[in-house]
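Undergrad: Sequence first, then the predicted structure:
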Amino acid sequence: MTKPTILIVKTGDTFDDLIRSFGDFDDWIREGLGVGEDQVRSVNAPAFEVLPDPGTFSGVVIAGSHAMVTQNLDWSLKVEEWLAPVVTAGIPVLGICYGHQLLAKAMGGKVDFHPKGLEIGTASITLTADALSDPLFQGLPPIFNAHTCHSQTVLTLPPGAVHLAKNAHDPHHAFRLGRAAWGVQFHPEYTHAIMAGYIRNMSPLLQALGRDPAQIQQKVTDSPEAAQMLTRFAALCCHNQIEH
(Lines give C-alpha, C1' and ligand atoms only; values in the text may rest on other atoms or scores of the structure.)
Protein backbone atom coordinates (compact mmCIF):
# COMPACT_ATOMS: atom_id res chain seq x y z
CA MET A 1 0.00 0.00 0.00
CA THR A 2 1.27 3.47 -0.84
CA LYS A 3 1.68 6.00 1.93
CA PRO A 4 -1.25 8.36 2.43
CA THR A 5 -0.75 11.80 0.90
CA ILE A 6 -2.26 14.72 2.80
CA LEU A 7 -2.83 17.81 0.71
CA ILE A 8 -2.30 21.22 2.33
CA VAL A 9 -4.14 24.02 0.55
CA LYS A 10 -2.20 27.17 1.35
CA THR A 11 -4.44 30.24 1.35
CA GLY A 12 -1.89 33.00 1.95
CA ASP A 13 1.28 33.89 3.85
CA THR A 14 1.94 34.84 7.44
CA PHE A 15 3.96 37.87 8.62
CA ASP A 16 7.48 38.15 7.18
CA ASP A 17 9.23 38.00 10.55
CA LEU A 18 7.36 34.81 11.47
CA ILE A 19 8.30 33.24 8.13
CA ARG A 20 11.96 33.99 8.84
CA SER A 21 11.76 32.43 12.30
CA PHE A 22 9.27 29.59 11.93
CA GLY A 23 8.33 29.09 8.27
CA ASP A 24 4.87 29.65 6.78
CA PHE A 25 1.37 28.29 7.39
CA ASP A 26 1.95 25.09 5.41
CA ASP A 27 5.20 24.42 7.29
CA TRP A 28 3.41 24.67 10.65
CA ILE A 29 0.66 22.34 9.47
CA ARG A 30 3.15 19.84 8.03
CA GLU A 31 5.04 19.74 11.32
CA GLY A 32 1.82 19.43 13.31
CA LEU A 33 0.59 16.48 11.26
CA GLY A 34 3.66 14.54 12.36
CA VAL A 35 4.04 12.61 9.09
CA GLY A 36 6.96 12.26 6.72
CA GLU A 37 7.69 14.95 4.13
CA ASP A 38 6.89 12.42 1.42
CA GLN A 39 3.35 12.13 2.80
CA VAL A 40 2.47 15.81 2.42
CA ARG A 41 1.89 17.94 -0.66
CA SER A 42 1.25 21.69 -0.60
CA VAL A 43 -0.73 23.69 -3.17
CA ASN A 44 -0.61 27.49 -3.22
CA ALA A 45 -4.18 28.59 -3.96
CA PRO A 46 -3.55 32.37 -4.24
CA ALA A 47 -0.88 31.59 -6.87
CA PHE A 48 -3.58 29.64 -8.77
CA GLU A 49 -1.66 26.36 -8.56
CA VAL A 50 -3.82 23.53 -9.86
CA LEU A 51 -5.94 21.77 -7.23
CA PRO A 52 -5.61 18.01 -7.76
CA ASP A 53 -8.40 15.51 -8.35
CA PRO A 54 -9.87 14.08 -5.12
CA GLY A 55 -8.69 10.56 -5.91
CA THR A 56 -5.03 11.59 -5.70
CA PHE A 57 -4.86 12.32 -1.94
CA SER A 58 -6.11 10.76 1.29
CA GLY A 59 -7.02 13.97 3.12
CA VAL A 60 -6.85 17.75 2.85
CA VAL A 61 -6.10 20.59 5.26
CA ILE A 62 -7.32 24.06 4.26
CA ALA A 63 -5.00 26.55 5.97
CA GLY A 64 -5.60 29.92 7.59
CA SER A 65 -5.16 33.23 5.79
CA HIS A 66 -4.92 36.98 6.29
CA ALA A 67 -7.61 37.31 3.60
CA MET A 68 -11.32 37.39 4.41
CA VAL A 69 -13.75 34.80 3.07
CA THR A 70 -16.30 37.52 2.30
CA GLN A 71 -13.88 39.15 -0.14
CA ASN A 72 -14.82 36.34 -2.55
CA LEU A 73 -11.38 36.44 -4.15
CA ASP A 74 -11.08 34.50 -7.41
CA TRP A 75 -8.67 31.93 -6.00
CA SER A 76 -10.84 31.45 -2.91
CA LEU A 77 -13.95 30.85 -4.98
CA LYS A 78 -12.02 28.21 -6.93
CA VAL A 79 -11.09 26.42 -3.69
CA GLU A 80 -14.68 26.67 -2.51
CA GLU A 81 -15.99 25.13 -5.73
CA TRP A 82 -13.35 22.38 -5.57
CA LEU A 83 -14.01 21.65 -1.91
CA ALA A 84 -17.70 20.71 -2.07
CA PRO A 85 -17.22 17.49 -4.12
CA VAL A 86 -14.24 16.53 -1.92
CA VAL A 87 -16.52 16.64 1.12
CA THR A 88 -19.27 14.78 -0.72
CA ALA A 89 -16.78 12.04 -1.67
CA GLY A 90 -16.06 11.41 2.03
CA ILE A 91 -12.38 12.36 1.83
CA PRO A 92 -11.19 13.66 5.23
CA VAL A 93 -11.08 17.46 5.36
CA LEU A 94 -9.81 19.77 8.09
CA GLY A 95 -10.46 23.48 7.64
CA ILE A 96 -8.51 25.80 9.96
CA CYS A 97 -9.72 29.37 10.63
CA TYR A 98 -10.10 30.68 7.06
CA GLY A 99 -10.41 27.05 5.96
CA HIS A 100 -13.10 26.47 8.62
CA GLN A 101 -15.09 29.41 7.30
CA LEU A 102 -14.55 28.47 3.65
CA LEU A 103 -15.74 24.91 4.35
CA ALA A 104 -18.87 26.27 5.99
CA LYS A 105 -19.58 28.65 3.10
CA ALA A 106 -18.94 25.97 0.47
CA MET A 107 -21.52 23.71 2.12
CA GLY A 108 -24.25 26.30 2.63
CA GLY A 109 -23.35 28.09 5.86
CA LYS A 110 -23.07 31.83 6.42
CA VAL A 111 -19.76 33.63 7.05
CA ASP A 112 -19.24 37.28 7.96
CA PHE A 113 -17.49 39.56 10.43
CA HIS A 114 -17.95 38.56 14.06
CA PRO A 115 -20.36 40.93 15.84
CA LYS A 116 -18.03 40.96 18.88
CA GLY A 117 -14.98 41.81 16.77
CA LEU A 118 -11.51 40.30 16.80
CA GLU A 119 -10.67 37.25 18.90
CA ILE A 120 -6.93 36.88 19.50
CA GLY A 121 -4.77 35.05 22.00
CA THR A 122 -5.07 31.80 23.91
CA ALA A 123 -8.72 31.02 24.57
CA SER A 124 -10.65 28.40 26.49
CA ILE A 125 -12.60 26.05 24.19
CA THR A 126 -15.57 24.01 25.44
CA LEU A 127 -16.69 20.83 23.69
CA THR A 128 -20.35 20.04 23.09
CA ALA A 129 -21.97 16.71 23.99
CA ASP A 130 -21.69 15.59 20.35
CA ALA A 131 -17.90 15.97 20.49
CA LEU A 132 -17.70 13.13 23.01
CA SER A 133 -18.36 10.60 20.25
CA ASP A 134 -16.76 12.49 17.38
CA PRO A 135 -13.91 10.62 15.62
CA LEU A 136 -11.58 13.64 15.81
CA PHE A 137 -12.52 15.12 19.20
CA GLN A 138 -13.42 12.12 21.36
CA GLY A 139 -11.11 11.63 24.33
CA LEU A 140 -10.10 15.29 24.58
CA PRO A 141 -10.78 17.19 27.83
CA PRO A 142 -14.19 18.89 27.85
CA ILE A 143 -12.41 22.26 28.16
CA PHE A 144 -8.96 22.99 26.71
CA ASN A 145 -6.79 25.90 25.56
CA ALA A 146 -6.36 26.88 21.92
CA HIS A 147 -4.78 29.77 20.06
CA THR A 148 -7.11 32.11 18.17
CA CYS A 149 -6.85 34.97 15.69
CA HIS A 150 -9.93 35.86 13.63
CA SER A 151 -12.23 38.73 12.76
CA GLN A 152 -14.71 36.72 10.70
CA THR A 153 -16.67 33.71 11.82
CA VAL A 154 -19.26 31.12 10.84
CA LEU A 155 -22.47 32.91 11.77
CA THR A 156 -24.68 30.03 10.61
CA LEU A 157 -23.51 26.43 10.37
CA PRO A 158 -24.14 24.53 7.11
CA PRO A 159 -27.26 22.36 6.93
CA GLY A 160 -26.67 19.02 8.67
CA ALA A 161 -23.52 20.19 10.47
CA VAL A 162 -22.75 18.70 13.90
CA HIS A 163 -21.77 21.41 16.38
CA LEU A 164 -18.63 20.35 18.27
CA ALA A 165 -17.04 23.28 20.16
CA LYS A 166 -17.65 26.82 21.37
CA ASN A 167 -16.45 29.48 23.79
CA ALA A 168 -17.65 32.74 25.28
CA HIS A 169 -16.62 34.69 22.18
CA ASP A 170 -17.63 32.34 19.38
CA PRO A 171 -20.44 29.77 19.47
CA HIS A 172 -19.06 27.93 16.43
CA HIS A 173 -15.44 27.03 17.15
CA ALA A 174 -15.76 23.60 15.55
CA PHE A 175 -18.19 21.51 13.51
CA ARG A 176 -18.32 18.33 11.46
CA LEU A 177 -20.05 17.66 8.15
CA GLY A 178 -20.82 14.08 7.22
CA ARG A 179 -18.40 11.56 8.63
CA ALA A 180 -15.06 13.12 7.75
CA ALA A 181 -15.08 16.91 7.22
CA TRP A 182 -14.23 19.22 10.12
CA GLY A 183 -13.85 22.95 10.58
CA VAL A 184 -12.01 24.46 13.54
CA GLN A 185 -11.95 28.22 14.10
CA PHE A 186 -8.97 27.96 16.45
CA HIS A 187 -5.41 27.27 15.30
CA PRO A 188 -4.02 23.81 16.17
CA GLU A 189 -0.88 24.63 14.15
CA TYR A 190 0.11 27.65 16.28
CA THR A 191 2.76 27.22 18.93
CA HIS A 192 3.18 29.49 21.96
CA ALA A 193 5.86 31.44 20.06
CA ILE A 194 3.74 31.82 16.92
CA MET A 195 0.76 33.06 18.93
CA ALA A 196 3.02 35.57 20.68
CA GLY A 197 4.31 36.69 17.29
CA TYR A 198 0.81 37.36 16.03
CA ILE A 199 -0.02 39.51 19.03
CA ARG A 200 3.25 41.42 18.57
CA ASN A 201 2.59 42.05 14.87
CA MET A 202 -0.99 43.10 15.54
CA SER A 203 -0.22 45.35 18.51
CA PRO A 204 -0.92 48.61 16.59
CA LEU A 205 -4.35 47.31 15.55
CA LEU A 206 -5.11 46.08 19.06
CA GLN A 207 -4.17 49.45 20.53
CA ALA A 208 -6.37 51.20 17.97
CA LEU A 209 -9.22 48.96 19.12
CA GLY A 210 -8.60 50.02 22.71
CA ARG A 211 -7.15 46.67 23.77
CA ASP A 212 -3.96 45.99 25.69
CA PRO A 213 -1.50 43.78 23.72
CA ALA A 214 0.64 43.19 26.81
CA GLN A 215 -2.33 41.84 28.74
CA ILE A 216 -3.28 39.51 25.88
CA GLN A 217 0.34 38.42 25.60
CA GLN A 218 0.52 37.54 29.31
CA LYS A 219 -2.34 35.08 28.89
CA VAL A 220 -0.68 33.08 26.10
CA THR A 221 -0.09 29.50 27.20
CA ASP A 222 0.71 26.18 25.56
CA SER A 223 -2.15 24.37 23.81
CA PRO A 224 -1.20 20.68 23.57
CA GLU A 225 -4.78 19.41 23.32
CA ALA A 226 -5.59 21.70 20.39
CA ALA A 227 -2.36 20.61 18.69
CA GLN A 228 -3.64 17.03 18.78
CA MET A 229 -6.17 17.94 16.10
CA LEU A 230 -3.45 17.65 13.46
CA THR A 231 -1.92 14.35 14.57
CA ARG A 232 -5.39 12.88 15.06
CA PHE A 233 -6.42 14.07 11.60
CA ALA A 234 -3.33 12.48 10.03
CA ALA A 235 -4.22 9.18 11.70
CA LEU A 236 -7.79 9.41 10.38
CA CYS A 237 -6.48 10.03 6.85
CA CYS A 238 -4.39 6.87 7.07
CA HIS A 239 -7.33 4.87 8.46
CA ASN A 240 -9.61 6.19 5.73
CA GLN A 241 -7.14 5.03 3.07
CA ILE A 242 -7.01 1.55 4.62
CA GLU A 243 -10.83 1.36 4.58
CA HIS A 244 -10.89 2.30 0.92
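TA: Right, received. Where do you want to start?

Undergrad: Could you list the buried residues of the worst-scoring helix or strand of the chain on mean pLDDT?
TA: Using mean pLDDT, DSSP states H and E, helix 224-243 stands out as the lowest-scoring helix or strand of the chain, at a mean of 86. Using 16 or more other CB atoms under 10 Å as the test for burial, helix 224-243 gives 225-230, 232-238, 240-241. Heads up, the C-betas are built off the backbone N, CA and C, glycines and all.

Undergrad: And it, how far out from the chain middle?
TA: 14 Å (CA atoms, centre = their mean, to the nearest Å).

Undergrad: now do stretch 91-103
TA: Chain-centre distance of stretch 91-103: 6 Å, with CA atoms, centre = their mean.

Undergrad: Also stretch 63-83?
TA: Worked out by CA atoms, centre = their mean, stretch 63-83 lies 13 Å from the chain centre.

Undergrad: got it, and stretch 192-210?
TA: 19 Å.

Undergrad: Can you list the neighbours in contact with it?
TA: 15, 17-18, 21-22, 28, 117-118, 120-122, 147, 149, 187, 190, 212-213, 216-217, 220-223 (CB atoms under 8 Å, 6 or more residues apart in numbering).

Undergrad: Could you check it and say which residues are buried?
TA: Residues of stretch 192-210 classed as buried: 194-199, 201-203, 206 (neighbour count, 16+ other CB under 10 Å).

Undergrad: and if you look at stretch 8-20?
TA: Here stretch 8-20 shows 8-12, 14-15, 18 as buried, counting by 16+ other CB under 10 Å.

Undergrad: so of the buried residues of stretch 192-210, which ones are in helices?
TA: 194-199, 201, 203, 206 (DSSP state H).
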